[in-house]
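Enquirer: Have a look at this fold, sequence not included:
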C-alpha cells in the first residue's frame, strides 16, 4: 500500500486501516477495495506516532511528535474523516503516543505525553475540555 513519503509509525483499524507517518499525514485505506486509498489528512507538523478510533467509530484521535492531539470526526457512513480536526488539543509538553477511548463513555479520550510531559490527560470530546 503505497501512500506515504516516509515511514509509517502508527496504525488504527476498523474496516478502514488508518496509517500515520513521519511525513505528518494520516491515510485511510479500505482494504476491501482494489483502489484502497480513501482519503488523507494533514493536521500534524511532525510524525504521527499515535492513532486510535473511538469505540463507536465516530472519531479518530491522532497524536504527534508536535505535542498535539487532533480529534477528527468521521464522515457519515464511516468512510474517511472530515479534512479539518474537530479539536486540536495542545496541552501536552512532549510527543503524544498513547491514546485510549473510554469503553463506556465514547466521548472521553485519554492521551499520554512523553518523557518531558509524563502525564495522562483526559478530554471531553463533546466540547474539547480537559
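Expert: Everything's here; your move. Everything quoted here is computed from the prediction, not taken from an experiment.
Enquirer: can you pull up the bridge partners for the most centrally placed residue in the chain?
Expert: The C-alpha lying nearest the average C-alpha coordinate of the chain belongs to residue 62 (Cα atoms, centre = their mean; 2.2 Å). Beta bridges link residue 62 to residue 51, residue 70, judged by DSSP bridges.
Enquirer: Surely it and residue 53 touch.
Expert: No. Using Cβ atoms under 8 Å, residue 62 is not in contact with residue 53, being 10.4 Å away. (C-beta placed from N, C-alpha, C; glycine too.)
Enquirer: Against residue 47, how distant is the residue nearest to the centre of the chain?
Expert: Going from residue 62 to residue 47 by Cβ to Cβ, to the nearest Å gives 11 Å.
Enquirer: Find residues that contact each of the two.
Expert: Common neighbours of residue 62 and residue 47 are listed as residue 20 (criterion: Cβ atoms under 8 Å, 6 or more residues apart in numbering).
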